[in-house]
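A.B. asks: model the following, please.
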Amino acid sequence: QVQLVESGGGLVQAGGSLRLSCAASGRTFSNYAMAWFRQAPGKEREFVARIHWSGVSTGYADSVKGRFTISRDKAKNTVYLQMNSLKPEDTAVYYCNKDPPMKDYWGQGTQVTVSG
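C.D. replies: A predicted model of the protein is given here:
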């Protein structure tokens, strides 16, 4: 069974940092582009960041550019999201998935709450 498990969320003050992890099990995702998404209360899920299967190329939503960094460790089958200079508007449940996302791979996500 394929699973993507997100972790690392929590409560942080504005200006703080968090590092999210997305661990894959059941199959290797090392040959796929991966991405982070988020969903704030009352809003649709939105794209945050993506990383090419090689790890060389990355892309970001304008709202997080310069503050968030996506990376991957292919040996650990894990994707990371380093989030710095967090803002209250970053509060959301964060998910990882393939890029483009596949319905069957959505996990439970990890809650990030940024207090102002």
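
A.B. asks: and Ser25, how far is that from Ser71?
C.D. replies: Using C-beta to C-beta, to the nearest Å, Ser25 is found at 19 Å from Ser71. Every residue, glycine included, has its C-beta placed from N, CA and C.

A.B. asks: with just CA atoms, put the strand or helix carrying Leu11 into PDB.
C.D. replies: In the assignment (DSSP states H and E), Leu11 maps to strand 10-13. Extracted C-alpha coordinates of strand 10-13, given in PDB (Å, rounded to 0.1, in the frame of the first residue of the first chain):
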ATOM      1  CA  GLY A  10       3.000  22.700  14.900                       C
ATOM      2  CA  LEU A  11       2.200  26.000  16.500                       C
ATOM      3  CA  VAL A  12       4.800  28.800  15.900                       C
ATOM      4  CA  GLN A  13       4.900  32.500  16.300                       C
END
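
A.B. asks: centre of the chain versus it, how much separation?
C.D. replies: Put simply, strand 10-13 sits 16 Å off its chain's centre (C-alpha atoms, centre = their mean, to the nearest Å).

A.B. asks: same check on stretch 82-89?
C.D. replies: For stretch 82-89, the distance to the chain centre is 13 Å (C-alpha atoms, centre = their mean).

A.B. asks: show the end-to-end separation of it, please.
C.D. replies: 16 Å (C-alpha to C-alpha, to the nearest Å).
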